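> sequence? don't have it. structure:
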């Protein structure tokens, strides 16, 4: 960009964050130093990244990152408003996620490097899922968390990144049937492992992503194979639904008010407190939904509507729509099919996951216990979301104009 | 590669579906906002399931019936007023669905989808105030007049539609709720959460003869010159309708005075199912009345589907499957008193009809001629039969009823109104399963309340 067209937007974004963070930093009990430092650092990262990237990539627009920073910032304030002790951990995860984003962007800037990483990524993904299955303890009916000391990780979040990476890379080099078969085998193994963890939400997200990848490759006889596999997975989903835990969730669907203190507890509270907020919210930290289990995770959209207002809920919805449409725009006219496919898969995954969450907690869809990208608390989730937008950013031709890697290609 | 790029556009479909879903979601939130926000589990509004953050409820004279003081809901200090206005004011847990605390909770709390619960949170006690049309002192007097009876008394100003008095028994003192209220099965507390005036339906007995008479006036041109012979019962092809006496030969007016079952069964027989049903429905049976756009009143019920002649006879005298709601009967009295139309009843004063979304509507029951003829007949009932001494200085019109109830003692009814333009009041008294007759027990109660009412601030 010539000049600094991004500057007014960044100033607005910063102002918004200062105002919202201010409400958790400054309270009746005085000023919370730790929170002040964390939000200060967060805003500093935004500025440094934007300035540096505007120097390095002169033609690039930081719109996508701004949206990610905006959503992540809301998530951090919500975490701080519910339990300040959790803020530090979440912030560290966001920083790691941000670094992953920068790293991944560098990694896939060279197609050779990306292709070389294909196999290790695939092996790491499956290995991670197997380790999870071996070590995981039951948490809310699913076996998808592992604990390392005092840290807990949800590996399926990280595998999302590998799933798209491997998928896009495999389909880029579709010279042989063998590479496709390998990829299908990889996808099937991933999804089966998720089934075994009883992580229905994530399994659905993977399944959906797989469908996108399959479609991107369609027009080919091999599509039929892909669709067949998709159907088989659908059947496997039905088997999964048979488990008691999932059955209970599904039987509540559209009947949440019949058992509002039992199986419909979370959804009814989300609706009750969302409308309690009105258009403008009751104020950050003044909500009641935050006292309910998983408020900052699955139910965070309700907290947002209650405390920040339904208007803010609408803005967040539009942000997810933006991320998806932006990924389509970037995907059209890429230098390599890898970028196109990865961007569309990442954009689709984020939007699909947001839909499952937002419509799940409001009883428009069955509740699957999945998080809202960028905003829900959770380190693994933050890392995965930030990594995913690297795929979208990489597909944007403006990112590379005039850069070393771009000239490499031209040569 | 270009082909693959084009396929990206499939994602637009998902974006489109997502946005449609979002619009539906926002629409659903707006549509259900009040219902959901005012659920009793909402801790912004309820504390331990009790409505606390709400405005003050006043009666028509500014007497405080309930208010919030220091985070607690406080009721009127007088026990009789608390007991007599319980069903109108309502409890804090929403057991009494037609009570103001529940029915007008969105107004009381000041909730709106735009501001959410912000106002309640900020000001606490400062929800919007409600001014009710009832006179709490009159309610207390009506409550005393009811004595130990179950039942209800309601008084309606038929010029304005204001309900100035309604009491329902059994009731309880909200400050001292009986501990055994939900466990006692002696029947003492049957329907204690029900405002019988608004939510009750009772077999109307002879008070229904007013409806049969209205149908006769409209459908039998020479009804006033007819005579009927009462031998103590009326035989139809399918059974016998028993009368309360042997009235000999009576004309239409005398038949109503004496509440002659034989005559009215005969009239019903002549009218037939269609005419009688049509009149009953025109007079508000099977139709819903709603107060102030918020409080649904129980529908009076009338049917002659599959009825044979003896059923029709019993229906004509207010038995069979017929059920009447006391407020509906009061509006019927109001309509007879004022040319066939009664203003829509309400319990909020003009001051608190916040948005006035519902235009002040009118219940149009009958034409002016029918109304005036009925009015004269009901006046004759009091003047020529019960005696004006039963209702001194009221120019009272009315009809008693003793409604037979299967397996239980009969209900004693009185429905009526004062024809004096200075006291435009209609009254309904129902003494539920009291065992007394309308004339013997309901009339004295009605008089007590009417005398108090004309001296009140209607």
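That came in fine, so what should we check first? None of the values given here were measured: they were computed from a predicted structure. Numbers count the residues shown, from 1 in each chain, chains lettered A, B, ... in the order given.
> what about residue 283, how many neighbours?
In the absence of a named chain, this looks at chain A. The number of residues packed near residue A:283 is 17, by other C-beta atoms under 10 Å in any protein chain shown. C-beta: built from backbone N, CA, C; applies to glycine.
> wrong one, chain B
Neighbours of residue B:283 (other C-beta under 10 Å): 25.
> got it, and the one 4 residues further on?
Residue B:287 is surrounded by 14 other residues when neighbours are defined as other C-beta under 10 Å.
> ok, stretch A:104-116 near chain B or not?
No. Residues of stretch A:104-116 are not located near chain B by C-beta under 8 Å from any C-beta of the partner chain, the shortest gap being 12.8 Å.
> correct me, but residue A:390 touches residue A:101?
Yes. Between residue A:390 and residue A:101 a contact is recorded at 4.8 Å, counting by C-beta atoms under 8 Å.
> Name all residues that make contact with residue 380.
Just so you know, I chose chain A. A:93, A:153, A:154, A:155, A:157, A:158 (C-beta atoms under 8 Å, 6 or more residues apart in numbering or on different chains).
> sorry, should have said chain B
B:253, B:256, B:257.
> what about 6 Å?
residue B:253 (C-beta atoms under 6 Å, 6 or more residues apart in numbering or on different chains).
> count of residues packed around residue 63?
All of this is about chain A. Quick note: residue A:63 (other C-beta under 10 Å) scores 14 neighbours.
> Actually, chain B is the one I wanted.
When counting by other C-beta under 10 Å, one arrives at 17 neighbours for residue B:63.
> and it, what does it touch?
Residue B:63 neighbours (C-beta under 6 Å, 6+ apart): residue B:136.
> For it, give me phi and psi.
Dihedral angles of residue B:63 (phi, psi; degrees, to the nearest 10) stand at phi -70, psi 130.
> Can you give the distance of stretch A:54-68 from its chain's centre?
Distance of stretch A:54-68 from its chain centroid, counting by C-alpha atoms, centre = their mean, to the nearest Å, is 19 Å.
> Ok, stretch A:322-332 next?
Distance, centroid of stretch A:322-332 to centroid of chain: 16 Å (C-alpha atoms, centre = their mean).
> Next, the buried residues of that stretch.
Buried residues in stretch A:322-332, counted by 16 or more other C-beta atoms under 10 Å in any protein chain shown: A:322, A:323, A:324, A:326, A:327, A:328, A:330, A:331, A:332.
> same thing with stretch A:190-198?
A:190, A:191, A:193, A:194, A:195, A:196, A:197, A:198.
> excluding its backbone neighbours, what's nearest the fourth one?
Across the structure, with C-beta to C-beta, 6 or more residues apart in numbering or on different chains as the measure, the residue nearest residue A:194 apart from its sequence neighbours is residue A:203 (4.1 Å).
> Run through the residues that contact the one you found.
Residues near residue A:203 by C-beta under 6 Å, 6+ apart: A:191, A:194, A:195.
> quick revisit: among the buried residues of stretch A:322-332, which lie within helices?
Under the assignment DSSP state H, these contribute A:322, A:323, A:324, A:326, A:327, A:328, A:330, A:331 to helices.
> Out of those residues, which is nearest to residue A:253?
Nearest to residue A:253 among these: residue A:324, at 25.0 Å, using C-beta to C-beta.
> Roughly how far does that closest one sit from residue B:9?
Taking C-beta to C-beta, to the nearest Å as the measure, residue A:324 falls 11 Å from residue B:9.
> Pull the number of nearby residues for the closest residue in space to residue A:253 that isn't next to it in sequence.
Leaving out its chain neighbours, the residue that sits closest to residue A:253 by C-beta to C-beta, 6+ apart is residue A:366, at 4.2 Å. Around residue A:366 there are 20 other residues, counting by other C-beta under 10 Å.
> Three-state assignment for residue A:366, please.
coil (DSSP: H, G, I helix; E, B strand; the rest coil).
> backbone phi and psi for the residue in chain B that chain A sits nearest to, please?
Residue nearest to chain A within chain B (C-beta to the nearest C-beta): residue B:116, separated by 2.5 Å. Dihedral pair for residue B:116: phi 60, psi -140, per degrees, to the nearest 10.
> what does residue B:319 give?
Per degrees, to the nearest 10, the backbone of residue B:319 is at phi -110, psi -130.
> Three-state assignment for the nearest residue to it once chain neighbours are set aside, please.
Spatially, and ignoring its direct neighbours in sequence, residue B:319 is nearest to residue B:404 (6.1 Å; C-beta to C-beta, 6+ apart). Assigned by three-state DSSP, the conformation of residue B:404 is strand.
> Let me see the contact set for residue B:412.
With contact taken as C-beta under 6 Å, 6+ apart, residue B:412 is in contact with B:402, B:431, B:434, B:436, B:437, B:438, B:441, B:442.
> Might you report the residue contacts of whichever residue of the stretch 151-300 of chain A sits closest to chain B?
Going by C-beta to the nearest C-beta, chain B is nearest to residue A:278 of the stretch 151-300 of chain A, at 2.5 Å. Residues counted as contacts of residue A:278 (C-beta under 6 Å, 6+ apart) are B:113, B:114, B:115, B:116.
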